[in-house]
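**Student:** I would like to see how this sequence folds:
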Amino acid sequence: MDGGGDPGNSQRADPGTGSGRLRSVNKTPQTKGPQQEIGALRMCRTLMAGLTVVASMVIVGCQSTAMTSAKVYIQQNNWAQAREQLLLAVAATPQDTEAQMLLGVAEATAGNLAEAAAAFDAAEADSARFEEASKWRRKFWVETFNLGLGALNDGAYDEAADHFVKATVIDPQGAMAYRNLGIIHERQERPDEAIAAYETAVSLDPEDASTALQLGYVHYQQARWTQAVEWIAPLAGAAQDAGYYRVLASAYDHLDQPDDALLALKSAIELQPEDAELLGDVAGIYLRRDDYSTASGYLEKAFALSPEDNLLGYNYAISLMRIKDEPRALEVLEAVVANDDQFADGWALLSQLYLRADRIMEGQAAYDLAESLRDQ
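**Tutor:** Residues are numbered from 1 along each chain as shown. Okay, the predicted model is just below:
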């Protein structure tokens, strides 16, 4: 899945105000891939063997000629003829749940999935037949689902989607098919369809935290901040993924809830204490509050971890200037422009510090360079 960027602004602090939104979220949370079904082939072989036994059993009691003929055809593995007889049997005796179940198998074998689902529904209405009929429905769902999974893993998204849609026809309660449809829609950049599929999956399986979190992330990518918070906030702690806290913080920031954004960022830092970007984002909130002392502490750590990040260095220098540590601010800015000599804002701020330190010629040179870079 491609990670959607946060449409927020750059987070360079203004020397006068210390303002700036959290920097863009450009790291996709670690989500699970397509959900898989295990043991499908074993299930299929076992059920097929069982069906042969059922069809070959001695028929006891009164049973329609159509049903008797259907079982003979099943024993011969002639499902087309068996289906014709089962349709007659069900029409004559719709309450015969064995006939309904076998008709479901015949319809599914013929590729008539909606008809198969209806027949399985009728069979499962009988508590005595429920378990057996459910196993048959599950068999065909697994086969169809696994075809979709194979196509998805091969990158054949349209083919995969077709199989997953068919799986939802066989069993509308199968949450995993809807989840994988959501993955396909997301990869094909159809966010509304992805959201609808994920919502269905979560409604069928409320314990599926991974899908709920991904649903929140798609909302976030569409700048639906409130919905993103609603889905991610209750589950971010259990996910133990700093990426979701990062997304959550950005959503809170767009909703002008800086206290909640700060808590989310600090939770992310607990999971990734060496992440310079997270440390810088926390500092950004403190800069907006004019709490330069606290901001400088976070920026010191961040800049030490990522000295090539001129944005961190710039903000660190501003916080140092605000707490009257201009010598250290000058050192930081010199390191910043040494790493990136095309950084006009860095040269401009450095010129101010040179002038305050009575280094007039260096200050003028830095100012002239900043102006020439801005004119380019």
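**Student:** If we ignore the residues flanking it in sequence, what's nearest Val229?
**Tutor:** Nearest residue to Val229, sequence neighbours excluded (C-beta to C-beta, 6 or more residues apart in numbering): Ala251, at 5.1 Å. (Each C-beta comes from the backbone N, C-alpha and C, glycine too.)
**Student:** Make sure that neighbour is actually in contact with Glu230.
**Tutor:** No. Using C-beta atoms under 8 Å, Ala251 makes no contact with Glu230, being 9.7 Å away.
**Student:** Have a look at the two and say which one is more surrounded.
**Tutor:** A count of neighbours by other C-beta atoms under 10 Å puts Ala251 above the other of Ala251 and Glu230, at 30 against 15.
**Student:** ok, now how distant is the more buried one from Ala209?
**Tutor:** 18 Å (C-beta to C-beta, to the nearest Å).
**Student:** Just the residues contacting stretch 368-376, thanks.
**Tutor:** 342-345, 347-348, 351 (C-beta atoms under 8 Å, 6 or more residues apart in numbering).
**Student:** Same list, the residues you listed, but as a markdown table with distance to Trp136, neighbour count and pLDDT please.
**Tutor:** Shown next, in a markdown table, are the contacts of stretch 368-376 (distance: C-beta to C-beta, whole Å; neighbours: other C-beta atoms under 10 Å; pLDDT from 0 to 100):
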| residue | distance to Trp136 | neighbour count | pLDDT |
| --- | --- | --- | --- |
| Gln342 | 68 | 11 | 97 |
| Phe343 | 68 | 20 | 97 |
| Ala344 | 71 | 17 | 97 |
| Asp345 | 69 | 18 | 97 |
| Trp347 | 74 | 24 | 98 |
| Ala348 | 74 | 18 | 97 |
| Ser351 | 79 | 22 | 97 |
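**Student:** Tell me where the stretch 101-250 of the chain is predicted with low confidence.
**Tutor:** The stretch 101-250 of the chain contains no residues with pLDDT under 70.
**Student:** Could I get the full set of helices for it?
**Tutor:** 113-124, 127-153, 157-170, 175-187, 191-204, 209-221, 225-232, 236-239, 242-254 (DSSP state H, counting those that start in this stretch).
**Student:** what residues are up against Ala119?
**Tutor:** 90, 100-101, 103-104, 107.
**Student:** Apply 6 Å and report the result again.
**Tutor:** 100, 103-104, 107 (C-beta atoms under 6 Å, 6 or more residues apart in numbering).
**Student:** Check the offset of stretch 176-186 from the chain's centre.
**Tutor:** Its chain's C-alpha centre and that of stretch 176-186 lie 10 Å apart, by C-alpha atoms, centre = their mean, to the nearest Å.
**Student:** and the gap between Pro307 and Leu299?
**Tutor:** 12 Å.
**Student:** Who has more neighbours out of those two?
**Tutor:** Set Pro307 next to Leu299 and count neighbours by other C-beta under 10 Å: Leu299 wins out with 30 against 16.
**Student:** What strand or helix carries that one?
**Tutor:** helix 292-305 (DSSP states H and E).
**Student:** Can you tell me what sits against that helix?
**Tutor:** 274, 276, 279-280, 282-283, 286-287, 312-313, 315-316, 319-320, 322-323.
**Student:** Out of those residues, which sit inside helices?
**Tutor:** 276, 279-280, 282-283, 286-287, 312-313, 315-316, 319-320, 322 (DSSP state H).
**Student:** Just give me the neighbour total for Glu115.
**Tutor:** Burial of Glu115 is recorded as 18 neighbouring residues (other C-beta under 10 Å).
**Student:** Return the per-residue confidence for Pro7.
**Tutor:** We have a pLDDT of 25 for Pro7.
**Student:** Next, name the residue at the spatial heart of this structure.
**Tutor:** Against the mean C-alpha coordinate of the chain, by C-alpha atoms, centre = their mean, the closest residue is Gln214 at 2.8 Å.
**Student:** roughly how far apart are Ala366 and Gln85?
**Tutor:** 93 Å.
**Student:** List of residues touching stretch 158-166?
**Tutor:** Contacts for stretch 158-166 (C-beta under 6 Å, 6+ apart): 113, 144, 147-148, 151-152, 177, 180-181, 184.
**Student:** Save the contacts of stretch 368-376 as JSON lines, and put in distance to Arg137 and secondary structure too.
**Tutor:** Formatted as JSON lines, these follow (distance: C-beta to C-beta, whole Å; DSSP: H, G, I helix; E, B strand; the rest coil):
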{"residue": "Gln342", "distance to Arg137": "65", "secondary structure": "coil"}
{"residue": "Phe343", "distance to Arg137": "64", "secondary structure": "coil"}
{"residue": "Ala344", "distance to Arg137": "66", "secondary structure": "helix"}
{"residue": "Asp345", "distance to Arg137": "64", "secondary structure": "helix"}
{"residue": "Trp347", "distance to Arg137": "70", "secondary structure": "helix"}
{"residue": "Ala348", "distance to Arg137": "70", "secondary structure": "helix"}
{"residue": "Ser351", "distance to Arg137": "75", "secondary structure": "helix"}
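**Student:** now Gln95, what's its secondary structure?
**Tutor:** coil (DSSP: H, G, I helix; E, B strand; the rest coil).
**Student:** Backbone dihedrals for it, both of them.
**Tutor:** With angles defined as degrees, to the nearest 10, Gln95 sits at phi -80, psi 0.
**Student:** how much space between it and Arg137?
**Tutor:** Applying C-beta to C-beta to Gln95 and Arg137 gives a distance of 19 Å.
**Student:** who's more crowded, those two?
**Tutor:** Neighbours of Gln95 and Arg137, each counted by other C-beta under 10 Å, are more numerous for Arg137; the result is 24 against 10.
**Student:** Identify the residues contacting that one.
**Tutor:** Residues counted as contacts of Arg137 (C-beta under 6 Å, 6+ apart) are 120, 171.
**Student:** change it to 7 Å
**Tutor:** 104, 120, 170-171 (C-beta atoms under 7 Å, 6 or more residues apart in numbering).
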